[in-house]
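Chemist: what follows is a predicted structure for the sequence shown.
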Amino acid sequence: MNNRNENYYVEPVEIEIYLKKAGIVRTIIKDLKIQLIDVESGNEKSTEIFNLFKEMDEPVDLMEVQNYFPQYIKIIYDSYYKNMELFEKLSMHFKSGLSGIKDSWRSALYFTELLLKYEPTVASTEVLGNFNTYNLNYIIKKLNLLEEKFLLEDSTVYYLIKRRNEFFKGSPPDREFEKLVELWEFNVKGKNYNF
């Protein structure tokens, strides 16, 4: 099934509306649709890695990268040894998701959100490219295609908005999008979240 919203992350935004005649405030939910911006590989090495996983239609699994490209094991280990256990768990969720277990994609998403916080590293800068963002996009698209409901952390939503805005810099402004982002930021700051 072709899902037209596949390439977007949709964040619900609460909007309070004052109904003058009734004298009451109603809350409505509007969808903030954030377009997922493709990740470009940063260099020849990451292009080779990205191309391999794109051909297999799989996320970039750090455990598998080391199997396919053993020449990068040392730089990967040196950059990620503190989080290697998390990458091993993520790899298991990728494999489960690819075998058809839908819930594994949701778990993979949360691990990916967590691991994004530790980027960039020497390995991602010199060899891997922005593979965690590539995986984030991949998983969101996968969950959209599976019509699974999920929400991202506020910091991840902000990151996707920032990437989208950088991509469309210089284009005519999308007033509705900007207004929803403003409302979303207002709601989030109300939760004492600091960007």
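Modeler: Received the coordinates, thanks.
Chemist: any idea how far residue 63 is from residue 84?
Modeler: 9 Å (Cβ to Cβ, to the nearest Å). For every residue, glycine as well, the C-beta is placed using N, CA and C.
Chemist: do the same with residue 102
Modeler: Residue 102 sits 21 Å away from residue 63, going by Cβ to Cβ.
Chemist: who touches the spatially most central residue of the chain in this structure?
Modeler: Closest residue to the average C-alpha location of the chain: residue 136 at 3.1 Å, with Cα atoms, centre = their mean. Residue 136 makes contact with 109, 112, 113, 116, 156, 160, according to Cβ atoms under 8 Å, 6 or more residues apart in numbering.
Chemist: for ChimeraX, what selects the buried ones among the residues you listed?
Modeler: With 16 or more other Cβ atoms under 10 Å as the criterion, this ChimeraX line picks the buried residues out of those:
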select :109,112,113,116,156,160
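Chemist: could you report the pLDDT at the most far-flung residue of the chain relative to its centre?
Modeler: Distance to the chain centre peaks in the chain at residue 21, reaching 42.5 Å (criterion: Cα atoms, centre = their mean). The model reports residue 21 with a pLDDT of 82.
Chemist: then residue 42?
Modeler: Residue 42 is given a pLDDT of 83.
Chemist: just say helix, strand or coil for it.
Modeler: Secondary structure, DSSP: H, G, I helix; E, B strand; the rest coil: residue 42 is coil.
Chemist: just the CA atoms of stretch 45-64, as CSV, please.
Modeler: These are the backbone C-alpha positions of stretch 45-64, laid out as CSV (Å, rounded to 0.1, in the frame of the first residue of the first chain):
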residue,chain,number,x,y,z
LYS,A,45,33.5,5.5,2.7
SER,A,46,30.1,6.4,4.0
THR,A,47,28.7,6.3,0.4
GLU,A,48,29.8,2.7,0.1
ILE,A,49,28.2,1.8,3.4
PHE,A,50,25.0,3.7,2.7
ASN,A,51,24.7,2.1,-0.8
LEU,A,52,25.1,-1.4,0.6
PHE,A,53,22.3,-1.0,3.1
LYS,A,54,20.1,0.9,0.7
GLU,A,55,20.4,-2.0,-1.8
MET,A,56,19.4,-4.4,0.9
ASP,A,57,16.6,-2.0,1.9
GLU,A,58,17.8,-2.1,5.5
PRO,A,59,18.8,0.4,8.2
VAL,A,60,22.5,0.9,8.7
ASP,A,61,23.3,-1.7,11.4
LEU,A,62,26.6,-1.0,13.1
MET,A,63,27.1,-4.6,13.9
GLU,A,64,26.7,-5.6,10.3
